[in-house]
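Trainee: Attaching a predicted model along with its sequence, questions to come.
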Amino acid sequence: MTFRSLVLATVLVGGVLAGCGGDDRPSDAAWSVIWDGERGLVPTEAELTAGGRDLCDELVGLYRERFDDLMPTPSEGLDDAVDAWTEQAEQIAFECPTDPEILAAEYEALRRLEAEIDAGLAAG
């Protein structure tokens, strides 16, 4: 291999590595800690019902402040599910449903999204 070929190969490999490294996504382990913390901000159905509108109002502000920490995710494959989960949690807090059936359905949707995120994280 000539010097010129070696330089060209080095430049090409460097360019490929630079393209791969520019994503700035966290590791699965680092993001999992953030995910667990943010998920822990969502009260149970019973806690939300007991806290009423005051708790819901507090949560709306908290979620809008804190859920930005979930981005970026470790992979593009998690982005849509995490966006949907944050929107669902914010919707529950914003609407603060008092009807038990509606509340149960909203929380079921949230749990499905959590399962999707957990599965995507485990697969990564």
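Mentor: Right, received. Where do you want to start?
Trainee: Only C-alpha atoms from now on, for both contacts and neighbour counts.
Mentor: Fine.
Trainee: what about the helices in this structure?
Mentor: 3-21, 28-39, 45-66, 76-95, 100-123 (DSSP state H).
Trainee: Spatially central residue in this structure, please.
Mentor: Val82 (3.6 Å; CA atoms, centre = their mean).
Trainee: Not including adjacent chain positions, what is the nearest residue to that one?
Mentor: Ile117 (6.8 Å; CA to CA, 6 or more residues apart in numbering).
Trainee: And for the one you found, the neighbour number?
Mentor: Other residues lying near Ile117 total 20 when counted by other CA atoms under 10 Å.
Trainee: And it, what's its pLDDT?
Mentor: Note on Ile117: pLDDT of 97.
Trainee: do the one 3 residues further on as well
Mentor: Per-residue confidence for Gly120 comes out at a pLDDT of 94.
Trainee: where in this structure is pLDDT low?
Mentor: Applying pLDDT under 70 to the chain flags residues 1-23.
Trainee: can you dump the C-alpha coordinates of stretch 72-80 into PDB?
Mentor: What follows is stretch 72-80, C-alpha atoms only, in PDB (Å, rounded to 0.1, in the frame of the first residue of the first chain):
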ATOM      1  CA  PRO A  72     -32.400  12.400  22.600                       C
ATOM      2  CA  THR A  73     -33.200   8.800  23.100                       C
ATOM      3  CA  PRO A  74     -30.600   6.100  22.600                       C
ATOM      4  CA  SER A  75     -32.000   5.300  19.200                       C
ATOM      5  CA  GLU A  76     -34.200   6.700  16.500                       C
ATOM      6  CA  GLY A  77     -36.500   3.700  16.900                       C
ATOM      7  CA  LEU A  78     -37.500   5.000  20.400                       C
ATOM      8  CA  ASP A  79     -38.100   8.600  19.400                       C
ATOM      9  CA  ASP A  80     -41.800   8.200  18.200                       C
END
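Trainee: if I look at Tyr107, how far off is Pro26?
Mentor: 28 Å (CA to CA, to the nearest Å).
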